[in-house]
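1. Task: produce atomic coordinates for the following.
(one chain, ligands or ions: 1)
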Amino acid sequence: MNLSQVFARSPSVADKLFPAVFVDRDGTIMQDADYCSNPKQVRIFPGVPEALGRLKAAGFKLIIITNQSGIGRGLITMDQYRAVEEKVLRELGPDLIEATYFCPDVPGQHSSWRKPAPGMILQASREHRIDRSRSFFIGDKEIDAECGRNAGARTIRVQTGFDRDTTGTVADWVTPDLAAAAKIIVDLANE
Ligand SMILES: [Mg+2]
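-> This next block holds a predicted model:
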């Protein structure tokens, strides 16, 4: 056993896990622009930076989890994706988002990452020391609720995307927007 293994086994170091709020991007943080390839199309919903700030202040790591099949379909280049991601992060404000995970795979292709598969959340949990049982997923589509549930997190569906019909959803809560979802989470954290 080398020294790093000794430290890795120390409970005070190794067992410290954090709660997170995983957040979808298109239709949840910003207007769904249908394969957004241009930073000029980025429209962050009003109140989102402030609501995310309240979640961070309550102790949650904030991680964006986004399907970007436009890349796999050849509609968005990696450079365009990166430019849009940069604009989103800049508009949200500094030091707010811990990390962003995106999946370029197209529907129908075998993928352990594309939502509703939980791969992005599992990877993020390993890399950012997340306790999923204390974590939440906020998204506008049913695949977001399914993805969060598949990863063992509690889930909230917001009605700011294209699909506002939440009949029969597996989500634990439905709210009009991300700010209302954040309020539920902060209230639970303060209980
Ligand atoms: Mg979405």
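2. so what's the most centrally placed residue in the chain up against?
-> The centre of the chain sits closest to Val23, judged by Cα atoms, centre = their mean, with a distance of 2.5 Å. The contact partners of Val23, by Cβ atoms under 8 Å, 6 or more residues apart in numbering, come to Ile29, Leu52, Leu62, Ile63, Ile64, Ile65, Phe137, Ile138, Gly139, Leu178. Any C-beta I mention is one placed from the backbone N, CA and C, and that applies to glycine too.
3. What's the separation between it and the ion?
-> 10 Å (Cβ to the ion, to the nearest Å).
4. Over to Thr77?
-> 21 Å.
5. Show me where this structure dips below the pLDDT cut-off.
-> By pLDDT under 70, the low-scoring segments of the chain are 1-15.
6. so what does the longest strand along the chain touch, helix or strand wise?
-> Criterion DSSP state E: the longest strand present in the chain is strand 61-67. Strand 61-67 sits against strand 20-23, helix 48-57, strand 99-103, helix 119-128, with contacts defined as 3 or more Cβ pairs under 8 Å, 6 or more residues apart in numbering; DSSP states H and E.
7. Among these, show me which one is buried the most.
-> Counting by mean count of other Cβ atoms under 10 Å, strand 20-23 has the highest mean neighbour count of those, with a mean of 28.
8. Quick check: neighbours of that strand in the sheet, parallel or antiparallel?
-> Sheet pairing for strand 20-23, assigned by DSSP bridges, gives strand 61-67 (parallel), strand 136-139 (parallel).
9. buried residues in the helix or strand harbouring Asp187?
-> Per DSSP states H and E, Asp187 falls inside helix 178-189. Buried residues in helix 178-189, defined by neighbour count with 16 or more other Cβ atoms under 10 Å: Leu178, Ala179, Ala180, Ala181, Ala182, Ile184, Ile185, Val186.
10. Next, the angle from that helix to helix 48-57.
-> Here the directions of helix 178-189 and helix 48-57 differ by 10 degrees (axes from the mean of the first three to the mean of the last three Cα atoms, to 10 degrees).
11. Closest approach to the ion from the protein, which residue is it?
-> With Cβ to the ion, the shortest gap between the chain and the ion falls at Gly27, namely 3.6 Å.
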